[in-house]
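Asker: With the input below, show me the fold.
(2 chains)
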Amino acid sequence: ETGVTQTPRHLVMGMTNKKSLKCEQHLGHNAMYWYKQSAKKPLELMFVYNFKEQTENNSVPSRFSPECPNSSHLFLHLHTLQPEDSALYLCASSQDPGTNTDTQYFGPGTRLTVL
Amino acid sequence: GEDVEQSLFLSVREGDSSVINCTYTDSSSTYLYWYKQEPGAGLQLLTYIFSNMDMKQDQRLTVLLNKKDKHLSLRIADTQTGDSAIYFCAERRGSTLGRLYFGRGTQLTVWP
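Answerer: Numbering: from 1, shown residues only, chains lettered A, B, ... in the order given. All right, here's what the predicted structure looks like:
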């Protein structure tokens, strides 16, 4: 248990559906991250939020829409996804990305399958 | 950017030592990390090393850092079947505060 929870753990959706992934951290951290993990590829950073403000969008398609209402919660809204978007979506949090000693802690991930 | 490189697979017998190697890309990287991912789970931080250190030991884990060659290794002593997992190397590059660059992961299989 790392203090970062994600729901749902598994999600199957059609290409026309709209769904949302949720992440919550109980560590008192200020920054939250979304990563995409596909088979045989390095983890891909998607978004970074620091103090609820988006500080990085790594050229992610607009069919992925993040939302960070406060420092403890992060959402990823999904709509009109493609089968190639099927992957494990990992959330992480850290105390302060502006420092070299900052360490990221990951949640268990949501396994997404797009039909 | 350039990739962090790791071998994809490693198999060892239970009780032997495992050594997982990683080559990172940025000589000014400040921190280097090892994460473990068990099946169906997220990434668990195992250990990390600051760039001004050559070695760090934590129980069965030993991390060695060769800055000249930009080479990082993770040695697991007395490897157990429960150590079977994917191990990811990650670097925090000097110019990108807050961003980690990960390798593709090494699948460690421990045979009884």
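
Asker: Show me the contact partners of stretch A:42-52.
Answerer: With contact meaning CB atoms under 8 Å, 6 or more residues apart in numbering or on different chains, stretch A:42-52 is reached by A:30-38, A:54-58, A:60, A:64, A:66, A:68-71, A:74, A:76, A:90, A:97-98, B:3-4, B:43, B:88, B:98-104. Every C-beta, even on glycine, is put in place using the N, C-alpha and C of the backbone.

Asker: Looking at that stretch now, give me its mean pLDDT.
Answerer: Mean pLDDT, stretch A:42-52: 89.

Asker: how about that stretch: buried residues?
Answerer: For stretch A:42-52, the neighbour count (16 or more other CB atoms under 10 Å in any protein chain shown) marks A:P42, A:L43, A:E44, A:L45, A:M46, A:F47, A:V48, A:Y49, A:N50, A:K52 as buried.

Asker: of those, closest to B:T25?
Answerer: Minimum distance to B:T25 across these is 11.6 Å, recorded for A:P42 (CB to CB).

Asker: Can you tell me the SS state at the closest one?
Answerer: Following DSSP: H, G, I helix; E, B strand; the rest coil, A:P42 is assigned to coil.

Asker: which parts of chain B sit against chain A?
Answerer: In this structure, chain B approaches chain A at residues B:3-4, B:30-31, B:33, B:35, B:40-45, B:48, B:88, B:92, B:97-104, judged by CB under 8 Å from any CB of the partner chain.

Asker: For the closest residue to A:E84 other than its chain neighbours, name its beta-bridge partners.
Answerer: In this structure, A:E84 finds its nearest non-sequential neighbour in A:V114, 7.9 Å apart by CB to CB, 6 or more residues apart in numbering or on different chains. Bridge pairing for A:V114 (DSSP bridges) gives the partners A:M13.

Asker: all strands for chain B, in order.
Answerer: With strands called from DSSP state E, chain B shows them at B:5-6, B:9-13, B:18-23, B:31-37, B:43-50, B:55-58, B:61-66, B:71-76, B:85-92, B:100-102, B:106-111.

Asker: between the last one and strand B:85-92, how many degrees?
Answerer: Just to be clear, that refers to strand B:106-111. Counting by axes from the mean of the first three to the mean of the last three CA atoms, to 10 degrees, strand B:106-111 points 150 degrees away from the direction of strand B:85-92.
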